[in-house]
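Visitor: heads up, no residue letters with this:
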């Protein structure tokens, strides 16, 4: 499980150093994918494969499902961290997520999220207000 919030920067080549506590789980390869929240998801290869299996179960007759699958898979890109734990964030995904230089990298259970720091701080502020006002845990 990936946990925590980490502040990092994007270098001029579009690379970011992964948080030290995430590197081992991502060292065997990872997949970048667009998130619906305009951030970037990073999945370990095995978690990405599980996500794709879940998506394969969705009926292809559903236009929304086809659109989701197209955007998700077309935006996905496999990457291997270098010896320093750096990865190059694909240019298209940097544009999609509005990444500049200052980033927040969050643990999000079986995946990691990369956010533009200002966007994350705005999102977190709104989400924390909603969280504080919940009557109890979500019911699924």
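Guide: Good, I have the coordinates. Computed from a predicted model, the values in this text were never measured in an experiment.

Visitor: next structured bit after the host helix or strand of residue 46?
Guide: If you go by DSSP states H and E, residue 46 is part of helix 45-56. Remark: after helix 45-56, the chain's next helix or strand is helix 63-75, criterion DSSP H and E.

Visitor: so what touches that next one?
Guide: For helix 63-75, the surrounding residues in contact (CB atoms under 8 Å, 6 or more residues apart in numbering) are 32-34, 52, 55, 58-60, 92-93, 96. In this view, the C-beta of every residue, glycine as well, is placed from N, C-alpha and C.

Visitor: any idea which of these has the most stuff around it?
Guide: residue 32 (24 neighbours; other CB atoms under 10 Å).

Visitor: can you give me the strands for the protein?
Guide: Counting by DSSP state E, residue ranges of the strands within the chain are 5-9, 15-17, 30-34, 40-44, 77-79, 86-88, 102-108, 111-116.

Visitor: show me what contacts residue 99?
Guide: With CB under 8 Å, 6+ apart, residue 99 has these contacts: 10, 40, 89, 93, 114, 116.

Visitor: any idea what the second one is bridged to?
Guide: Each beta-bridge partner of residue 40 is listed here, defined by DSSP bridges: residue 34, residue 114.

Visitor: which residues touch it?
Guide: Contacts of residue 40 (CB under 8 Å, 6+ apart): 32-34, 89, 93-94, 96-97, 99, 113-115.
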